[in-house]
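what shape does this take:
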Amino acid sequence: MSQLPMLAHLNQIADEYDAILCDVWGVIHNGREVFPEAVDALRRFREIRGPVVLITNAPVPAERVLMSLAQVGVEPDCYDAVITSGDATRAELEKRMPGPAYCIGPDYDDPLYQGLAMEYTTEIDQAAFISCTGLREIPQDLPEDYRDELKKLAARELEMLCANPDLVFRYGDDLIPSAGSLAKIYEELGGRVIRPGKPGAPIYNLAYKKLEELLGYKPSRDTILAIGDGPATDARGAVREGLDCLFIGGGIHGGMMDESESFLEDAAMLLENDEADAAYAAPALIW
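This is a model prediction of the structure:
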């Protein structure tokens, strides 16, 4: 297990980076409440260093995330742009038009499909592929409720687009299963899964393009800091992309790691269990 440095404040390393790619849920809010210190840290980085692009596995277009940020009180002066897994997934959906697509997810994720010349079906034997944004009924449904359905889909060798690779997301004090939990079962059943969001490359490619627009030049990977609370998504994605990662241990892992004596050991173990790594770890994002 590698030695993981503790980072008390972002300003300790801010001068080493020209831009930040920052996760949203679990880092700057929990779905209900904004984290003021995290918002302040990103705002200060923008003031003295460079752009902040929020990069989230939300399975909807960026416009929807912008609305949710405003609703929980995240001020727009702490970021320059938002890139979502939904944005990256739409590009993959366009490649597969007209389908038909077999959709799994809640109704409120329907903006993902708006404007697409896609056909849809609820019949497994008519589907050309699967588009999964999450569980249909939240928080009532459990991933195992879908195993029989996923087994039938896997038997047809249908490819699944997983629009949110996260296994869970935090909503207040609760952890809610996400689309990634269904993708995991689908792979166990022999199905093939495409993940346009973190840790996959498509969402990062969109983020790099946005950073180049904001900076006026193509930044080197070693000048970009990735920040996130998901070992299997944020941290693993950063490793694959050659980015330094600041792992926030108090995100989806809640208060169990905050400021504890074993924080660094616990963080290193979580990362190692998901075959990920980080340059730094912190209980929360603070300037």
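
centre-most residue in the protein?
Residue closest to the average C-alpha location in the chain (C-alpha atoms, centre = their mean): Asn57, at 3.0 Å.

ok, that one touching Leu167?
No. Judged on C-beta atoms under 8 Å, Asn57 makes no contact with Leu167 at a distance of 10.3 Å. C-beta here means a position set from N, CA and C on the backbone, and glycine is covered the same way.

what residues are shared contacts of these two?
Here Asn57 and Leu167 share the contacting residues Ser178, scored by C-beta atoms under 8 Å, 6 or more residues apart in numbering.

show me where pLDDT drops low in the chain?
Counting by pLDDT under 70, the chain contains low-confidence ranges at 1-2, 170-173, 251-261.

next SSE after the lengthiest helix in it?
Ranked by residue count and defined by DSSP state H, the top helix of the chain is helix 201-215. Remark: after helix 201-215, the chain's next helix or strand is strand 224-228, criterion DSSP states H and E.

what lines up beside that following strand in the sheet?
For strand 224-228, the pairing partners within the sheet under DSSP bridges are strand 19-22 (parallel), strand 244-248 (parallel).

distance to Leu150 added to those, as a markdown table?
Formatted as a markdown table, the strands paired with strand 224-228 follow (distance: least, C-beta to C-beta, whole Å):
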| stretch | distance to Leu150 |
| --- | --- |
| strand 19-22 | 32 |
| strand 244-248 | 31 |
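
skipping its backbone neighbours, what lies nearest Leu93 in space?
Distance criterion C-beta to C-beta, 6 or more residues apart in numbering; nearest residue to Leu93, sequence neighbours excluded, is Leu116 at 5.9 Å.

please name the nearest non-neighbouring residue to the residue of the chain positioned farthest from its centre.
If you look at how far each residue of the chain sits from its centre, by C-alpha atoms, centre = their mean, the farthest one is Asp125, at 31.2 Å. Nearest residue to Asp125, sequence neighbours excluded (C-beta to C-beta, 6+ apart): Arg156, at 7.2 Å.
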